[in-house]
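Novice: no sequence for this one, just the structure:
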């Protein structure tokens, strides 16, 4: 139990759903789990359809009603709906505050986390805004002005806020489970995976994730590659995720060593990544890098571009895992092959990434959050 009194936290994210293949949804779930594990009382407010079963132990999920919005949804459609229904949504949040005796509301984004709402809440309630990605200018101003705390998942995200947000606190994203609760990677098992396991990629269908470009570079790569792609509850414009999926399927069909699959439940992600020889994260930008962290937490080396927060996250476990973005996807594949060809370096890397991931256990991040909003 925490030394201070337990907090009652409402985490607001319009698109939140269990097993959603998106960073803010996944980070919200991990924070809520960490708060519950640390003895606090988290509630998630969402407008997305939910399963009948309790998705997260110790976490309550409450339903928002945003008229005219279905998922997946684009920014402009949601912004129009939220603006038009500001009063109704604010009243719904106020009702949740009273119903669950909330003392802290975390709007997980200016738009998708409804941070731009104008509503007034009881005076004792802290109003925190999480800035996972730079918001649109029309959402940023109102959201920052009304927040009593501004939080960032990384120094990269914080640096991108210069000029439109006041200084805030860094509260990193968390893992869903503590790596210490699982056995450390065994050297013999890892060596076997190095020799025979596929390279794996896990991403949502967004152009910034770089999967299509990686697929274009894969013909001639010596290792089998398995790629899991999934649609999120948001997209750039209607149909953009399906268009990208069609392109990736076409490219994969030209390379017999590549296989595509769909979404994975959150509970299956660690095991799937643990079964890889290495994980490639081909993202062109990352304000945090949850896929990289998930892979590291099970001792799987990560190869990625040196962009965004990935140097801070990955390089303490080894600079050889990152390549310059300008070098392109062939450099990712070359670095992957070099790592897999060096048994000694590979073995040391698996241990280093596992130790590094321990800093992001959910209960640790939950207490950083409580400190930041206190």
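Specialist: Here it is on my side, so go on. The structure presented is a predicted model; accordingly, all values stated were derived computationally and were not measured.

Novice: Now for the closest residue in space to residue 138 that isn't next to it in sequence: which residues touch it?
Specialist: Leaving aside its sequence neighbours, residue 138 sits nearest to residue 79 (Cβ to Cβ, 6 or more residues apart in numbering; 7.2 Å). Where you see a C-beta, it was placed from the backbone N, CA and C, and this is true even at glycine. For residue 79, the contacting residues are 111, 136, 138-139, by Cβ atoms under 8 Å, 6 or more residues apart in numbering.

Novice: now do residue 57
Specialist: Residues counted as contacts of residue 57 (Cβ under 8 Å, 6+ apart) are 33, 36.

Novice: For it, report the pLDDT, please.
Specialist: For residue 57, the model assigns a pLDDT of 93.

Novice: One more: residue 182?
Specialist: Looking at residue 182, its pLDDT is 81.

Novice: now do residue 259
Specialist: With respect to pLDDT, residue 259 has a value of 96.

Novice: and residue 76, how many neighbours?
Specialist: Using other Cβ atoms under 10 Å, residue 76 has 11 neighbouring residues.

Novice: Return the distance of it relative to residue 237.
Specialist: Distance, residue 76 to residue 237, using Cβ to Cβ, to the nearest Å: 9 Å.

Novice: just residue 262 next, same as before
Specialist: When distance is defined by Cβ to Cβ, residue 262 is 22 Å away from residue 237.

Novice: do residue 347 as well
Specialist: Noted for residue 347: a distance of 46 Å to residue 237, by Cβ to Cβ.

Novice: Pick out whichever of the two has more residues nearby.
Specialist: Taking neighbours as other Cβ under 10 Å, residue 347 and residue 237 compare with residue 347 leading, 16 against 11.

Novice: confidence score at the nearest residue to the more buried one once chain neighbours are set aside?
Specialist: Leaving out its chain neighbours, the residue that sits closest to residue 347 by Cβ to Cβ, 6+ apart is residue 187, at 5.8 Å. On the pLDDT scale, residue 187 is placed at 90.

Novice: what helix or strand does the closest residue to residue 122 other than its chain neighbours sit in?
Specialist: Leaving aside its sequence neighbours, residue 122 sits nearest to residue 97 (Cβ to Cβ, 6+ apart; 6.3 Å). Element membership for residue 97 (DSSP states H and E) is helix 86-99.

Novice: Skip ahead from that helix and say which helix or strand is next.
Specialist: Next helix or strand after helix 86-99 toward the C-terminus (DSSP H and E): strand 104-107.

Novice: now the following helix or strand past that following strand, how far from the chain's geometric center?
Specialist: Moving toward the C-terminus from strand 104-107, the next helix or strand (DSSP H and E) is strand 126-130. With Cα atoms, centre = their mean, to the nearest Å as the basis, strand 126-130 stands 19 Å off its chain's centre.

Novice: Could you spell out the sheet neighbours of strand 126-130, each with its direction?
Specialist: When pairing is defined by DSSP bridges, strand 126-130 lines up against strand 104-107 (parallel), strand 149-152 (parallel).

Novice: most neighbours per residue, which of these?
Specialist: Per-stretch averages of neighbours, counted by mean count of other Cβ atoms under 10 Å, single out strand 104-107 among the strands paired with strand 126-130, with a mean of 27.

Novice: can you list the residues that contact that one?
Specialist: 7-12, 31, 93, 97, 113-115, 117, 121, 125-130, 143, 147, 151, 369, 373.

Novice: Likewise for stretch 366-374?
Specialist: The contact list for stretch 366-374 (Cβ under 8 Å, 6+ apart) reads 2, 4, 7, 31, 34-35, 37-38, 40, 104, 106, 126, 128, 149, 151, 169, 171-172, 174.

Novice: at 7 Å instead, please
Specialist: Contact with stretch 366-374 is made by 2, 7, 31, 34-35, 37-38, 40, 104, 126, 128, 149, 151, 169, 171, as judged by Cβ atoms under 7 Å, 6 or more residues apart in numbering.

Novice: What of stretch 317-337?
Specialist: Stretch 317-337 has contacts (Cβ under 7 Å, 6+ apart) with 199, 213-214, 217, 221-222, 278, 280, 282, 284, 296, 301-307, 310-311, 314-315, 339, 349, 352-353, 356.

Novice: Narrow those to just the buried residues.
Specialist: 199, 213-214, 217, 221, 278, 280, 282, 296, 301-307, 310-311, 314, 339, 349, 352-353, 356 (16 or more other Cβ atoms under 10 Å).

Novice: so where is the chain shaky, pLDDT-wise?
Specialist: For the chain, the stretches with pLDDT under 70 are 1-3.

Novice: Domain map for it?
Specialist: Domain assignment of the chain by automatic domain parsing yields the ranges 8-171, 179-359.

Novice: how about those, which one is nearest residue 365?
Specialist: Shortest distance between residue 365 and those, using Cβ to Cβ, is found for domain 8-171: 5.4 Å.

Novice: Give me the distance between that closest one and the centre of its chain.
Specialist: Mean-position distance between domain 8-171 and its chain equals 14 Å (Cα atoms, centre = their mean).

Novice: What of stretch 235-254?
Specialist: Stretch 235-254 has its average C-alpha position 21 Å from the chain's average C-alpha position, going by Cα atoms, centre = their mean.

Novice: Residue 225 versus the closest residue to residue 218 other than its chain neighbours, what's the distance?
Specialist: Of all residues not flanking residue 218 in the chain, residue 255 sits nearest, at 4.9 Å (Cβ to Cβ, 6+ apart). Between residue 255 and residue 225 the computed distance is 8 Å (Cβ to Cβ).

Novice: between the two, which one's more packed in?
Specialist: Counted by other Cβ under 10 Å, residue 255 and residue 225 do not tie: residue 225 has more neighbours, with 22 against 16.

Novice: so that one touches residue 211, yeah?
Specialist: No - applying Cβ atoms under 7 Å, one finds residue 225 not in contact with residue 211, separated by 10.7 Å.
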